[in-house]
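1. can't give you the sequence, but here's the structure:
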């Protein structure tokens, strides 16, 4: 018994090798045939076999390839078991035989043979077998099939309630209003014309809304988005980014690079606040600035004390010119001169320490630039380009015949 889950990938592969999907540009008719075939495959997957028959029959009328005959036979076969309508049984048998006539070896001959082994006994002895088939387009209905590659898209037809895409609906011939929408995407409203007795396949893609990221940095910092400079963050800044993965890097002299990875969905709103931490080098520079200031202040105080001791010694010398000094005054003079020398040496040492600390601090401060290697290491590796595969492999597993 033929498997009920034959891979669409193989069917499309047959179409590929049969000339429906060559690598070069295709004629408008063949492009239209592919649209009908895809619409039929989608309808088949949804269990709407009548719509699948109508779409595949349109593809078959444009490009009568064996793979389309096989797919159409499968849809007719399924519809027969749903409705028990003999015309679907007869057409399934006819199409499977057509496939066997066109594909003389390989392909899906075994599956077609198994299908005939199942279907022909159902028709044996029944009246009308072998008579010309009724025109398959005699009961064709006017339908529209609206699909979208946008995830979770919904379709509103003629102001009706939104329904998940793809939507297959019977409509009256003429113009109809379509609204396709999805969370995180800009909705699209358009008018489409339905042709009597035809299934009109429409593929409508939506443009995604940008994700909004509000960023703030303390202290103010430069921002790089995916390695590209985006300006200074002096206050809250609003960014509009495409969906997907992004790397936001916050850079400021004397601070560690802060890298934040985000994965954004279309239309997302995110808030990001970062606090940059100073580097050890910047901390050392600030400490040396403080040391330099303290040493300078100490040197100034010691200089003032040395001046005061110099003044005291001078006063004693002036009194010596007018009168004889007592032993106590001589001791005071000697003490003042000793203190003056000590204060002078200490003040000079303070000034030297201050100057040295200031010089080193300024060098550390000036040379404390962001480590761009750190930023580069945090950036995501470039994505490996997807290998271009034939459509048969790219959508394998999405639909099965």
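-> Arrived safely. Just so we're clear, the structure is a prediction, and the values are computed from it rather than from any experiment.
2. on contacts alone, who are the packing partners of the longest helix seen in the chain?
-> When the chain is parsed with DSSP state H, its longest helix is helix 280-322. Applying 3 or more C-beta pairs under 8 Å, 6 or more residues apart in numbering; DSSP states H and E, we find helix 280-322 packed against helix 327-367. In this view, the C-beta of every residue, glycine as well, is placed from N, C-alpha and C.
3. how far off centre is the longest helix of the chain?
-> Computed by C-alpha atoms, centre = their mean, to the nearest Å, the separation of helix 280-322 from the middle of its chain amounts to 65 Å.
4. that helix vs helix 327-367, what angle?
-> Per axes from the mean of the first three to the mean of the last three C-alpha atoms, to 10 degrees, the angle that helix 280-322 makes with helix 327-367 is 160 degrees.
5. give me the mean pLDDT for helix 280-322.
-> When pLDDT is averaged along helix 280-322, the result is 83.
6. over to stretch 232-242?
-> Stretch 232-242 carries an average pLDDT of 91.
7. please apply the same query to stretch 219-228.
-> Here the average pLDDT along stretch 219-228 is 90.
8. next: stretch 253-269.
-> Mean pLDDT, stretch 253-269: 90.
9. repeat that for stretch 65-72.
-> Mean pLDDT, stretch 65-72: 90.
10. stretch 102-112 too?
-> Averaging pLDDT along stretch 102-112 yields 88.
11. so for that stretch, what gets flagged as buried?
-> Using 16 or more other C-beta atoms under 10 Å as the test for burial, stretch 102-112 gives 103, 107, 108, 109, 111, 112.
12. what does stretch 341-349 give?
-> So, applying 16+ other C-beta under 10 Å, buried residues of stretch 341-349: 343, 344, 346, 347.
13. still on that earlier bit, in the buried residues of stretch 102-112, find the pair that's most separated.
-> Farthest pair in these (C-beta to C-beta) is 103 and 111. Separation: 10.7 Å.
14. between these two, which contacts overlap?
-> Common contacts of residue 103 and residue 111, defined by C-beta atoms under 8 Å, 6 or more residues apart in numbering, are absent altogether.
15. number of nearby residues for residue 90?
-> Other residues near residue 90 come to 22 when the count uses other C-beta atoms under 10 Å.
16. name the element it belongs to?
-> Per DSSP states H and E, residue 90 falls inside helix 86-102.
17. by contact count, what packs against the very next helix or strand once past that helix?
-> Next along the chain after helix 86-102, taking DSSP H and E as the criterion, comes helix 109-123. Applying 3+ C-beta pairs under 8 Å, 6+ apart, one finds that helix 109-123 makes contact with helix 66-83, helix 86-102.
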